[in-house]
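>>> here are the coordinates; sequence isn't available:
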């Protein structure tokens with residue numbers, strides 16, 4: 001996996017509109033977790049306050065045994081529970097070995113306090129992706 005830096009994050013849609021200084025500061029705050037193929041990132045119905053950005057590998061989004069989508073490098077998931085604080089509607093299971101960037105509520109609060117305009121852009125990027133996901137099922 002290539003090193004995590006502002007340039008790499010800037011290529012991911014979630015971080016579109018954030019300047020390099022903000023991205024570098026965010027990198028200092030967040031954690032990258034690794035998972036083996038078959039590992040469960042979270043279970044359907046669990047509480048969660050993090051979203052995950054796929055830096056490497058492939059993650060399956062499942063409701064029961066049904067595969068709803070697969071999330072690969074540059075995509076993110078888990079944003080719904082981060083925003084609405086409701087139980088997770090699906091399970092996330094690694095299909096391959098994965099490296100996932102974890103962004104939690106405290107990281108969002110930090111971004112809001114540091115750069116409210118950048119925070120607004122970040123939230124808009126999440127909203128745009130949620131809108132795209134909704135359009136695929138309507």
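Looks like it came in fine. On a predicted model such as this, the values are computed, not experimentally measured, just so you know.
>>> Every contact and neighbour count from this point should use C-alpha atoms.
Noted.
>>> mind listing what's buried in the least confident helix or strand in the chain by mean pLDDT?
One helix or strand of the chain scores below all others by mean pLDDT, DSSP states H and E: helix 79-84, with a mean of 88. Across helix 79-84, burial judged by 16 or more other CA atoms under 10 Å covers 79-82.
>>> wait, which of those residues is closest to residue 34?
Within these, proximity to residue 34 (CA to CA) peaks at residue 79, which comes in at 18.9 Å.
>>> Isn't that closest one up against residue 128?
No. Applying CA atoms under 8 Å as the test, residue 79 and residue 128 come out as separate, 11.7 Å apart.
>>> if we can go back for a sec, any idea which helix or strand comes after the least confident helix or strand of the chain?
strand 91-94 (DSSP states H and E).
>>> Please compute how far that next one lies from its chain's middle.
Relative to its parent chain, strand 91-94 has a centroid offset of 13 Å by CA atoms, centre = their mean, to the nearest Å.
>>> Tell me the pLDDT of the closest residue in space to residue 98 that isn't next to it in sequence.
Distances taken as CA to CA, 6 or more residues apart in numbering put residue 57 closest to residue 98, at 4.3 Å, once the chain neighbours are dropped. Model confidence at residue 57, given as pLDDT, is 98.
>>> count of neighbours near residue 57?
By the criterion of other CA atoms under 10 Å, residue 57 has 20 neighbours.
>>> gap between it and residue 73?
Using CA to CA, to the nearest Å, one gets 6 Å for the distance from residue 57 to residue 73.
>>> One more: residue 84?
Per CA to CA, residue 84 is found 25 Å from residue 73.
>>> And the contacts of the least confident helix or strand of the chain?
Helix 79-84 has contacts (CA atoms under 8 Å, 6 or more residues apart in numbering) with 47-52, 86-88, 104-105, 126.
>>> so where's this structure shaky on pLDDT?
Within the chain, the segments meeting pLDDT under 70 span 1.
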